[in-house]
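Engineer: heads up, no residue letters with this:
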């Protein structure tokens, strides 16, 4: 089979890129190993904990034993399904902070400062706050991706925001607008009570053009001839080897785990590592698989002294009611991811912009679906945004079916530990505020008995979890940077007709969840692929705390 463009991966980036290329009249083949996203467990927002824990929809990656976390191996879910991780994620929508992208430009990704990328965020969005506030001048009105807000009907959701205000923090009506810093409502990719994944927003419209074909198969490697990518070798659904030929370009959108893996299997990566695995070196790019970053988080959990949480649905009858109501009307608790309040704050004075993120959840429960206490409760997910720790993705062998070795090196610096201690103590202070303290019976975890640095460090090492935001393994940068993998146009340095378009090209992780920034990257990359002039730069001025040098709040 042949097309103008072959895209590997029908995830957030691959779906969006496919649509924009088809919109411009090009023939596109999208190669995806995962199956259908039609399951109610995917489409019902309230069921979000199920698909990310199902081998049918998740690649099942785990990190290597992490040396700074007592050898724990942490889960690293990645979507193995049409829509990719946008079909199994928590549906939280965060653009990131403006200064994240200005930092990208300073790191060598020129043309990717906030003024450059804000127009693309507006382009991708169809934003509707449903009467729950917001910053309309900063938001997109007619993009493919529906971004909405929940009803915030649970009294705990607003109590969390009020508690932040009582603790002296800023309030923001729209963290995706002018002012990220503060407490306020959370945005999500939910529309009419259903998950609005990249498959719905982009891939299905692309297929409807008649120019996009979705092919099921397992990518083995990129075919490179005379320094040019010409196609993709893959195993089809019958396990027979086959080839997809690209007359124009091959685009890797296989995730921050699988994109570097495929580059290395194709002979692009650190020469010594490739030779050790019996792979012929096509291009020595030492940065492939390096620069791995993620967000970690803790669940600070409180038991409630009255029945105010969602625990009343945490039984067979309650779940049946939620599911049946959603199936009939797409309403009720099942129509929300229940992350309806958020906050971005700074750990201390002297930090210029937020480096802590909160997700508030009106039930005490883990991502694996296990309740933390037999009764009503609630929790704040909290974690630092810009860890200096860096890890890597490397090959175990030259067998494409072997999972790569993923080592994040979580918590490898003293700053990581200091930031997490501050996260715990600042969260406890917020939960001491009148608006939310009145609902607290006792602290489930860490537990009131843990107070010293050593006690908190032990709790952190045993309980910290990934927020599932891996990125950075095919870093975008200046072509003179030996660790850069792609240039500012997303072209793989040293190979023609090959690009990487997904979260692996992030030079540095952004504030918050990564689905929105990943789709933004594909929107901008699509213009580069098509040879179009970039969208005109924005001139909006973002809010930065006027006394950030001297005040923490």
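Structural biologist: Received the coordinates, thanks. In this text, all values refer to a predicted model and were calculated from it rather than measured experimentally.
Engineer: so residue 408 sits right up against residue 294, yeah?
Structural biologist: Yes. Under the criterion of C-beta atoms under 8 Å, residue 408 makes contact with residue 294 at 5.6 Å. (C-beta placed from N, C-alpha, C; glycine too.)
Engineer: Overlap in contacts, the two.
Structural biologist: Listed as contacting both residue 408 and residue 294 by C-beta atoms under 8 Å, 6 or more residues apart in numbering are 391, 466, 470.
Engineer: What sits closest to the second one if chain neighbours are left out?
Structural biologist: Which is residue 466. residue 74 (5.0 Å; C-beta to C-beta, 6 or more residues apart in numbering).
Engineer: Check the residue in the chain sticking out farthest from the centre and give its pLDDT.
Structural biologist: Distance from the C-alpha centroid of the chain peaks at residue 226, with 35.5 Å (C-alpha atoms, centre = their mean). Predicted confidence (pLDDT) for residue 226: 96.
Engineer: same question, residue 131
Structural biologist: The predicted local confidence for residue 131 is 72.
Engineer: Among the shared contacts of residue 408 and residue 294, which are located in strands?
Structural biologist: Assigned to strands by DSSP state E, the following of these qualify: residue 466.
Engineer: would you turn the shared contacts of residue 408 and residue 294 into a markdown table with pLDDT?
Structural biologist: A markdown table is the format used below for those (pLDDT from 0 to 100):
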| residue | pLDDT |
| --- | --- |
| 391 | 98 |
| 466 | 97 |
| 470 | 98 |
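Engineer: which one among the shared contacts of residue 408 and residue 294 gets closest to residue 540?
Structural biologist: Using C-beta to C-beta, the shortest approach to residue 540 within the shared contacts of residue 408 and residue 294 belongs to residue 470, at 29.9 Å.
Engineer: Hmm, residue 296 and that closest one touching each other?
Structural biologist: No. Using C-beta under 8 Å, residue 470 makes no contact with residue 296, being 11.3 Å away.
Engineer: The two: which is more packed in?
Structural biologist: The neighbour count for residue 470 versus residue 296, taken as other C-beta atoms under 10 Å, is higher for residue 470 (29 against 24).
Engineer: how near is residue 162 to residue 304?
Structural biologist: 16 Å (C-beta to C-beta, to the nearest Å).
Engineer: out of those two, which sits in the busier spot?
Structural biologist: residue 304 (21 against 16).
Engineer: OK, contacts around that one?
Structural biologist: 156, 375, 376, 377, 378, 439, 440, 441.
Engineer: Mind doing that once more with 6 Å?
Structural biologist: Residues in contact with residue 304 (C-beta atoms under 6 Å, 6 or more residues apart in numbering) are 376, 377, 439.
Engineer: Name the nearest residue to the last one, ignoring sequence neighbours.
Structural biologist: Nearest non-adjacent residue to residue 439, counting by C-beta to C-beta, 6+ apart: residue 304, 5.3 Å away.
Engineer: hang on, the earlier thing: which one of the shared contacts of residue 408 and residue 294 is nearest to residue 213?
Structural biologist: Closest to residue 213, out of all of these and judged by C-beta to C-beta, is residue 470, at 28.8 Å.
Engineer: Would you mind measuring from that closest one to residue 395?
Structural biologist: Separation of residue 470 from residue 395 (C-beta to C-beta): 17 Å.
Engineer: same thing with residue 304?
Structural biologist: Applying C-beta to C-beta, the value for residue 304 to residue 395 is 48 Å.
Engineer: Pull the residues that contact stretch 16-29.
Structural biologist: With C-beta under 6 Å, 6+ apart, stretch 16-29 has contacts from 3-7, 30, 198, 202, 205-206, 209, 211-213, 215, 244, 501, 519, 522, 526, 530.
Engineer: can you give me the strands for the stretch 451-553 of the chain?
Structural biologist: 465-466, 498-500 (DSSP state E, counting those that start in this stretch).
Engineer: Sheet-wise, list the partners of the shortest one with their directions.
Structural biologist: Right, strand 465-466. According to DSSP bridges, strand 465-466 has the following sheet partners: strand 296-304 (antiparallel).
Engineer: Run the chain-centre distance for the partner strand.
Structural biologist: From the chain centre to the centre of strand 296-304 is a distance of 21 Å (C-alpha atoms, centre = their mean, to the nearest Å).
Engineer: Summarise which helices and strands the very next helix or strand once past it is packed against.
Structural biologist: Per DSSP states H and E, strand 296-304 leads on to helix 316-329 as the next helix or strand towards the C-terminus. Helix 316-329 sits against no helix or strand, with contacts defined as 3 or more C-beta pairs under 6 Å, 6 or more residues apart in numbering; DSSP states H and E.
Engineer: Packing partners of whatever helix or strand residue 157 lives in?
Structural biologist: Following DSSP H and E, the helix or strand that holds residue 157 is helix 155-166. Packing partners of helix 155-166 (3+ C-beta pairs under 6 Å, 6+ apart): strand 341-345, helix 434-437.
Engineer: How far off centre is the longest strand belonging to the chain?
Structural biologist: For the chain, the longest strand by residue count, based on DSSP E, is strand 212-225. Here strand 212-225 shows a centroid-to-chain-centroid distance of 24 Å under the convention C-alpha atoms, centre = their mean.
Engineer: Sheet-wise, list the partners of that strand with their directions.
Structural biologist: strand 28-32 (parallel), strand 228-236 (antiparallel).
Engineer: ok, and what's touching that strand?
Structural biologist: 8, 18, 22, 28-31, 33, 206, 229-237, 250, 262, 265-266, 282, 400.
Engineer: circling back to that earlier point, I'd like to know which of the contacts of stretch 16-29 are part of helices.
Structural biologist: 198, 205, 206, 519, 522, 526 (DSSP state H).
Engineer: May I see the contacts of residue 304 organised as TSV, with pLDDT added?
Structural biologist: Listed next are the contacts of residue 304 as TSV, based on pLDDT from 0 to 100:
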residue	pLDDT
376	94
377	95
439	98
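Engineer: ok, and the most crowded of those?
Structural biologist: For the contacts of residue 304, the largest neighbour count, defined by other C-beta under 10 Å, is 28 neighbours, found at residue 377.
Engineer: distance of that one from residue 446?
Structural biologist: 14 Å.
Engineer: mind listing what the closest residue to residue 253 other than its chain neighbours touches?
Structural biologist: Nearest non-adjacent residue to residue 253, counting by C-beta to C-beta, 6+ apart: residue 14, 3.5 Å away. By C-beta under 6 Å, 6+ apart, residue 14 lies in contact with 7, 30, 253.
Engineer: Now the buried members of those residues.
Structural biologist: 7, 30, 253 (16 or more other C-beta atoms under 10 Å).
Engineer: now the nearest residue to residue 200 once chain neighbours are set aside: how far from residue 30?
Structural biologist: Nearest residue to residue 200, sequence neighbours excluded (C-beta to C-beta, 6+ apart): residue 83, at 7.5 Å. For residue 83, the distance to residue 30 equals 11 Å [C-beta to C-beta].
Engineer: now swap in residue 426 and tell me
Structural biologist: For residue 426, the distance to residue 30 equals 44 Å [C-beta to C-beta].
Engineer: What of residue 357?
Structural biologist: 32 Å.
Engineer: Distance from the chain centre to stretch 541-553, please.
Structural biologist: With C-alpha atoms, centre = their mean as the basis, the mean position of stretch 541-553 lies at 26 Å from the chain mean.
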